[in-house]
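In: Next comes the sequence, and after it the predicted model I'd like to discuss.
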Amino acid sequence: MAVAGAGPASCCCGNPAVVRRFCCGTVIVRCDRCEGQAADQPCAGAPTFTGSIMRVLAIYPGLNPTFDEVAYVLPPLVAKGVAVQVITSRVSALKSSETGAAYENFQGVPIHRIFPSLRALSHEAARYFAQVREIADAFQPDVLLVNSFHCLPLLELLRPLYPVPVLLRVESADPVQLLRRRYYGGLPALGRVAGRMRWWQVCGQVDALMSNDPADLPQLAGLGLRGRRAYYAAHCAQRPAEWRPARERRQDEMIYVGSLIRHKNCERWLETVPAILEQTPVKRFVVIGRGPYGHIVKKLQASLGDRVEHVEGVTRIEALQRLSSAWFAYTESHSGWGFLCDAWSTRTPVLCPQSTFSIVPGWTGMMPQDVPDMIATIKRLYNDAEYYSTLQDGGALRYASEHTADVVSRQYLQILREVVADGRRP
């Protein structure tokens, strides 16, 4: 069945025509007369476009461009001829407590915020499914891009109705991250076994996987269980076009921007932050974010007072502004790439001792492995101008070469093409 599209053209008979897209993906040009003579078939001699218009229905947990950098990978796909629509919730779990509009057109990408909360998306998908189906039926996607395990309950409802391949994007394929800590008693070895079993189950629900973790690159072939293919695409951390850097940096300030969850290793701050504030020129630690480990920040404030500043939520532009005004960024996380990419994009040196994000020590980050070495490294930031500027240049180069929307969207497009070509997996 044909779906009318936009664009002037001429039919083979010479009459004015319109571009029409078929559900199979074929694009033809036909006038009204030829359309009436042979419904759903190109008329004889009618020109056809060599490529298909790919339609991607993306499901996100709480996508809001005001707060989420990953949204910026989608408009370049539209610019490359891909049709993209988004199903999401109105509130993000950790980025912000602000409610997004029910509908938003973000640079050519329609965003439908059908679910009032992340919980509604992950636990009450059936309740709102009629609205989702109305959008999906009208759009007729060629592929489903699922961006979180929270979206799998909705996928379970969609998959039987739309015989198209499903690509699951994960931040990391680390099996321990798939499970809540209570399910494996905090024992990493048990978590890896249980997580691997969960991973096997997840692979049966999708047709391909895409990780944003460069640590997964050496093991991609082993990640695609049950005959599924696994891909890698970099994390998108595109700066908004309207962002401008701070005019100057506060030399006595270090900053963290991100969620306060288990994988961020916030407990480590209880040992490191007092030592840093006591033994280096740093006078203030700014924490921007919220989550179940917010009590760690409260403990620091109880002992260090107003030298620890906590802001629960800001817009992405505000977060980048604060980053660009700090002397350096600090995280003990071993996962999560947005903060590192944002630090690089704002030319802010980043202290990241536990990161697995392909950090080159002394070039894209600082990775001291104990507190004395950390103190010495931070002091060097203040005493060695060349060391500081080299970290700025290394981070800026990493951002520009791997994490802009233009670069990452090209990776997405290639992966999506392959997933659509492979089709549904048995």
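Out: That came through fine.
In: So for residue 357, what's the pLDDT?
Out: Per-residue confidence at residue 357 stands at 80 (pLDDT).
In: before we move on, what SS does it have?
Out: coil (DSSP: H, G, I helix; E, B strand; the rest coil).
In: quick one, phi psi at it?
Out: phi -90, psi 40 (degrees, to the nearest 10).
In: Check residue 251 too.
Out: Given degrees, to the nearest 10, the pair of backbone angles that residue 251 has is phi -70, psi -20.
In: I figured it hits residue 281, correct?
Out: Yes - the criterion here is Cβ atoms under 8 Å, and residue 251 meets it with residue 281 at 6.8 Å. All C-beta atoms are positioned from the backbone trio N, CA, C, and that covers glycine.
In: what is in contact with those two at once?
Out: Common neighbours of residue 251 and residue 281, using Cβ atoms under 8 Å, 6 or more residues apart in numbering, are residue 382.
In: Give me the secondary structure label for the spatially most central residue of the chain.
Out: Closest residue to the average C-alpha location of the chain: residue 70 at 3.8 Å, with Cα atoms, centre = their mean. Under three-state DSSP, residue 70 falls in the helix class.
In: For it, give me its contacts.
Out: 60, 63, 147, 235-236, 338 are the contacts of residue 70 under Cβ under 8 Å, 6+ apart.
In: just checking, which of those residues belong to helices?
Out: Among these, the members falling in helices (DSSP state H) are residue 338.
In: now, which of the contacts of residue 70 sits nearest residue 321?
Out: residue 338 (15.7 Å; Cβ to Cβ).
In: Give me the neighbour count for that closest one.
Out: 22 (other Cβ atoms under 10 Å).
In: please begin residue numbering at 829 from this point
Out: Happy to do that; since the first residue is 829 now, the last one works out to residue 1166.
In: Would you check that it makes contact with residue 900?
Out: No - between residue 1166 and residue 900 there is no contact under Cβ under 8 Å: 11.6 Å.
In: How is the protein divided into domains?
Out: Following automatic domain parsing, the chain resolves into domains at 829-880, 883-1066+1233-1250, 1078-1230.
In: Of those, which shows the lowest average pLDDT?
Out: Among the domains of the chain, domain 829-880 carries the lowest mean pLDDT (a mean of 40).
In: ranges for the strands of the stretch 879-1028 of the chain?
Out: 883-887, 911-917, 931-934, 937-943, 971-974, 994-998 (DSSP state E, counting those that start in this stretch).
In: Now render these as a markdown table, adding distance to residue 955.
Out: Formatted as a markdown table, the strands of the stretch 879-1028 of the chain follow (distance: least, Cβ to Cβ, whole Å):
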| stretch | distance to residue 955 |
| --- | --- |
| strand 883-887 | 16 |
| strand 911-917 | 13 |
| strand 931-934 | 19 |
| strand 937-943 | 9 |
| strand 971-974 | 19 |
| strand 994-998 | 22 |
